[in-house]
Each structure stands twice: as structure tokens, then as C-alpha cells.
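Chemist: Next comes the sequence, and after it the predicted model I'd like to discuss.
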Amino acid sequence: MKTSWQAALQILCGIVNESAQSRLNLTQLQFQQLVMDFNSAIASCSAAVLVQRAEQIFSGMQEVQIKPSLVTYNTVVSVYQKSSLSDKALGMLQEMEAAQVVADLISYSSAISACEKG
């Protein structure tokens with residue numbers, strides 16, 4: 001029996017496949033909604049501490065050339081923080097910098113918290 005987050009991820013994967021084929025036809029609002037859908041899926045993984053699944057979703061986002069937002073990065077850092085994966089949390093801060101996404105208080109707080117735990 002599938003849980004609600006698993007069903008949501010399957011729906012999102014369908015959206016991603018559709019999006020990969022017709023990404024250029026998306027309106028700005030639709031594109032923003034797609035980013036929010038990815039963020040929600042990653043946040044669901046964070047709540048359930050599903051690190052590998054969150055990483056897969058994050059990678060999938062980049063594979064279909066959808067640029068992660070600050071919220072996306074912060075959500076992934078939060079997954080690492082909850083799992084006491086300080087190296088990965090710090091690595092995500094570096095990845096943010098490389099992607100020219102400016103880290104904020106939430107980014108640094110989550111990374112510091114991950115370091116305290118792990």
C-alpha cells in the first residue's frame with residue numbers, strides 16, 4: 001500500500017516527464033509551480049528523513065534543466081541536518097555558491113545544526 005507521499009512523488013514524476021518534453025511551452029507561472037512541486041516533494045522526504053529519495057528528486061530536477069531555488073537548496077540542507085550529515089550539508093552550501101544562489105540565514109542555520117549533530 002502506497003503512502004500519500006509516494007503517490008505524490010509518482011504524480012510529480014509524471015509532471016517531470018511531461019515537462020521535459022514541453023518545457024519551453026510552460027508559462028512562467030507553470031514553471032514556478034513546478035519548482036514548488038519539487039520543493040514540496042523534497043520537503044516530504046525531509047519530514048520522513050528519506051535522504052536518498054530527496055537526493056534523487058533534487059538530481060531529477062537538474063536533469064530536466066529546472067534550476068533549484070533557494071528554497072530547494074535549503075530544503076535539501078534541512079534533510080541533511082535532520083540526518084546529521086554535516087559533510088553533505090556543507091557540500092550543498094558549496095553547490096549553492098557554484099550555482100550562484102545566495103545562501104541565507106536558514107541555509108547557514110541548518111548547516112550549522114547538522115555540524116552540531118554530526
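Modeler: Received, thanks.

Chemist: Need the three-state assignment for residue 68.
Modeler: What DSSP: H, G, I helix; E, B strand; the rest coil gives for residue 68 is coil.

Chemist: which residues does it contact?
Modeler: For residue 68, the contacting residues are 35, 38, 58, 61-62, 76, 99, 101, taking Cβ atoms under 8 Å, 6 or more residues apart in numbering as the criterion. (Glycine included, C-beta is placed from N, CA and C.)

Chemist: Can you flag the buried ones in the residues you listed?
Modeler: Of the members of the contacts of residue 68, the ones counted as buried by neighbours, 16 or more other Cβ atoms under 10 Å, are 35, 38, 58, 61, 76, 101.

Chemist: Which of these sits closest to residue 114?
Modeler: Closest approach to residue 114 among these (Cβ to Cβ): residue 76, at 11.2 Å.

Chemist: how close does that closest one sit to residue 49?
Modeler: As for residue 76, its distance to residue 49 is 13 Å (criterion: Cβ to Cβ, to the nearest Å).

Chemist: Let's see stretch 49-61 as CSV, backbone CA atoms only.
Modeler: Backbone C-alpha positions of stretch 49-61 (Å, rounded to 0.1, in the frame of the first residue of the first chain) are rendered in CSV as follows:
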residue,chain,number,x,y,z
VAL,A,49,14.1,11.6,6.7
LEU,A,50,14.4,9.9,3.3
VAL,A,51,17.8,11.3,2.3
GLN,A,52,18.4,9.1,-0.8
ARG,A,53,14.9,9.9,-2.1
ALA,A,54,15.4,13.7,-1.6
GLU,A,55,18.7,13.5,-3.4
GLN,A,56,17.1,11.6,-6.3
ILE,A,57,14.4,14.3,-6.6
PHE,A,58,17.0,17.1,-6.4
SER,A,59,19.1,15.4,-9.1
GLY,A,60,16.0,14.7,-11.3
MET,A,61,15.2,18.4,-11.1
